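In: Need the 3D shape of this:
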Amino acid sequence: MATRNVNLTPALDSFVADLIESGAYQNASEVVRAGLRLLEAEQAERAAKLDLLRKAVQEGWDSFDRGAGVVVRDIDAFFAEIDNEIETEVAAEEAARSAAAE
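Out: The predicted structure is shown next:
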């Protein structure tokens, strides 16, 4: 495993120490790895959402180019529906990834 030196703020250092003292982690390396796994998952989720958004935008442009269109009377409800669809698709993809990893 690669070794890196990391500088922590006093608050983060205390947080790491508390996690180790609680028995949740054996050492600082475990804490950092757990945090990085969460960050990695967050970045993957963000990338998946962005990809889905790009696809949705492209589908919209393609539809517009074909002469199809939608009249939006409530823009907030429209975007809320899109957000819900994206969250559902991202959750399904994450569940599939988790199932494949097990």
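In: quick one: which helix or strand includes the residue in the chain sticking out farthest from the centre?
Out: Each residue of the chain has a distance to the centre, and by CA atoms, centre = their mean the biggest one is for G67: 34.6 Å. For G67, there is no host helix or strand (DSSP states H and E).
In: Please apply the same query to V90.
Out: helix 75-101.
In: any idea of the mean pLDDT for stretch 49-62?
Out: What stretch 49-62 shows for mean pLDDT is 94.
In: and I86, how many neighbours?
Out: Burial of I86 is recorded as 18 neighbouring residues (other CB atoms under 10 Å). All C-beta atoms are positioned from the backbone trio N, CA, C, and that covers glycine.
In: List the contacts of it.
Out: K49, L52, L53, A56 (CB atoms under 8 Å, 6 or more residues apart in numbering).
In: Out of the residues you listed, which end up buried?
Out: L52 (16 or more other CB atoms under 10 Å).
In: tell me which element the residue nearest the centre of the chain falls in.
Out: Nearest residue to the geometric centre of the chain (CA atoms, centre = their mean): E45, 2.6 Å. Per DSSP H and E, E45 falls inside helix 28-65.
In: Can you classify R73 as helix, strand or coil?
Out: Assigned by DSSP: H, G, I helix; E, B strand; the rest coil, the conformation of R73 is coil.
In: Next up, phi/psi of it, please.
Out: phi -100, psi -30 (degrees, to the nearest 10).
In: count of neighbours near it?
Out: 7.
In: picking up where we left off before, mind checking how far the residue farthest from the centre of the chain is from A44?
Out: Separation of G67 from A44 (CB to CB, to the nearest Å): 37 Å.
In: No more questions from me, cheers.
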